[in-house]
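K.L.:
Curious how this folds, go ahead:
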Amino acid sequence: MSHDLYTDRLSAARPRHLYIDASAAIEWLREVFRFEVRLRVEGENGRILHSELTYGEAVVMVAQAGGWIVP
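P.N.:
Numbering: from 1, shown residues only. Okay, the predicted model is just below:
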């Protein structure tokens, strides 16, 4: 089996998107693009600290803007 280092690195990329209202963004991505939620980590008041959404083999991470830096 041969590997293309450039392609292998691209396939391992995991984009992260930050939203003011991550819960609403997750629902929108599910409804409009049919993403599936693989992992959802909530903090205080339902704040999304981290989530992983899948579409086929692709994975994107979605979290609340401000995350760990701003309480």
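K.L.:
Can you tell me how far residue 57 is from residue 30?
P.N.:
The gap separating residue 57 from residue 30 is 17 Å, by Cβ to Cβ, to the nearest Å. All C-beta spots, glycine's among them, are computed from the backbone N, C-alpha and C.
K.L.:
Comparing those two, which shows the higher neighbour count?
P.N.:
Legend: neighbour count by other Cβ atoms under 10 Å for residue 57 and residue 30, higher for residue 30 (13 against 6).
K.L.:
For that one, give its distance to residue 44.
P.N.:
Remark: distance between residue 30 and residue 44 (Cβ to Cβ) = 23 Å.
K.L.:
repeat for residue 17
P.N.:
21 Å.
K.L.:
Give the residue spans of the protein that score low on pLDDT.
P.N.:
By pLDDT under 70, the weakly predicted segments of the chain are 1-13, 67-71.
K.L.:
Residue 54 falls within a helix, correct?
P.N.:
No. Residue 54 is assigned strand when assessed by DSSP: H, G, I helix; E, B strand; the rest coil, not a helix.
K.L.:
Now the residue at minimal distance from the centre of the chain: closest residue in space, sequence neighbours ignored.
P.N.:
Residue closest to the mean C-alpha point of the chain, counted by Cα atoms, centre = their mean, is residue 61 at 1.6 Å. Closest residue to residue 61 apart from its sequence neighbours, by Cβ to Cβ, 6 or more residues apart in numbering: residue 16 at 4.2 Å.
K.L.:
hang on, isn't that neighbour packed against residue 59?
P.N.:
No. Using Cβ atoms under 8 Å as the test, residue 16 is too far from residue 59 to be in contact (10.2 Å).
K.L.:
Of those two, give the one with the bigger neighbour count.
P.N.:
residue 59 (16 against 12).
K.L.:
what sits opposite that one in the beta ladder?
P.N.:
Taking DSSP bridges as the rule, residue 59 bridges to residue 54.
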